[in-house]
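K.L.:
Quick one: sequence and predicted model below, then my questions.
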Amino acid sequence: MNVVLLGPPGAGKGTQAERLIEKYGLVQVATGDMFRAALSQRTPMGLEAKKYMDSGSLVPDEVVEGLVEERLAGDDVAGGFILDGFPRNAHQAEALDRILSESGRALDLVLNIVVDPEVLVKRLTGRRVCRDCGGNYHMVFGPPEVEGQCSCGGELYQRDDDNEETVRNRLEVYRDQTQPLIDFYRPSGKLVDIDGSRSPDEVFADVASAVDRAGSAGVA
Ligand code: ADP
Ligand code: ADP
Ligand code: ZN
């Protein structure tokens, strides 16, 4: 099962990916996480990506596409992957088609998680992330049991780009460049709209049933 999570920043892609990993054993490929990992190791790519991430604009296509192509060649993703945060524009969507067809693979499902923009601002500015395991919390919608601390014991921090100004820019970039991918994928019949405004459990119930339907369609 090869899945793309489409949806604006803050829609809950990472939150739902965590549950998909647990239930279906899929491997998450999250380009934002990969850039943040590269940055924390101070690699040239990480330092380059930071310039774009800080303003909320997109890292250049050739950088992201190269990274994804390399990652999707890994043995561990042969059993299925969840792409989280890629593709983010038409060029990247075409690159993904090429990467998959060259390796005899295809997408099974594109989940379009829909959430109102004003809710997204609240979700992103209140987001806290674990330094150790990458787990997601929210100051109001899903606070940790112990303040500032993940259930794994790791320290929670606020991402540099989760400030209101950068968030607004990211939402604009989404609207201009990523949202058009809904029309790119719709004709394939693989796109499923998910109402992401409900609780994480309610959203996941719809996500899981879409995965189950796509899985049985693939077997038939
Ligand atoms: P969010 O989870 O809030 O949507 P991400 O962690 O996916 O954010 O992305 C953070 C930043 O990393 C983006 O604002 C962008 O600068 C960069 N980035 C991540 N994925 C891509 C991509 N596919 N193309 C270009 N830039 C990307
Ligand atoms: P994305 O990966 O799409 O940027 P995240 O999964 O990181 O989004 O979620 C953004 C923020 O919203 C996080 O703080 C997360 O805890 C919170 N969140 C995720 N899903 C929901 C939901 N269904 N209801 C309320 N808050 C949510
Ligand atoms: Zn943790």
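P.N.:
Perfect, thanks for sending it. Numbers count the residues shown, from 1 in each chain. Ligands and ions are numbered 1, 2, ... in the order given.
K.L.:
Which strand or helix spans Leu111?
P.N.:
Here Leu111, judged by DSSP states H and E, is contained in strand 109-114.
K.L.:
biggest helix in this protein, by residue count?
P.N.:
helix 200-219 (DSSP state H).
K.L.:
got the angle for that one vs strand 109-114?
P.N.:
150 degrees (axes from the mean of the first three to the mean of the last three C-alpha atoms, to 10 degrees).
K.L.:
Helix 200-219: how far from the chain's middle?
P.N.:
From the chain centre to the centre of helix 200-219 is a distance of 17 Å (C-alpha atoms, centre = their mean, to the nearest Å).
K.L.:
Does it reach ligand 2?
P.N.:
Yes - using C-beta under 6 Å from any ligand atom, helix 200-219 comes into contact with ligand 2 via Pro200, Val203. Just so you know, the C-beta spots here come from the backbone N, C-alpha and C atoms, and that holds for glycine as well.
K.L.:
Glu48 against Leu67, yeah?
P.N.:
No - here Glu48 does not reach Leu67: they are 11.4 Å apart, not a contact under C-beta atoms under 8 Å.
K.L.:
Between the two, which has more neighbouring residues?
P.N.:
Leu67 (19 against 15; other C-beta atoms under 10 Å).
K.L.:
elements contacting the strand holding Leu111?
P.N.:
Applying 3 or more C-beta pairs under 8 Å, 6 or more residues apart in numbering; DSSP states H and E, we find strand 109-114 packed against strand 2-6, helix 13-24, helix 181-185, strand 191-195, helix 200-219.
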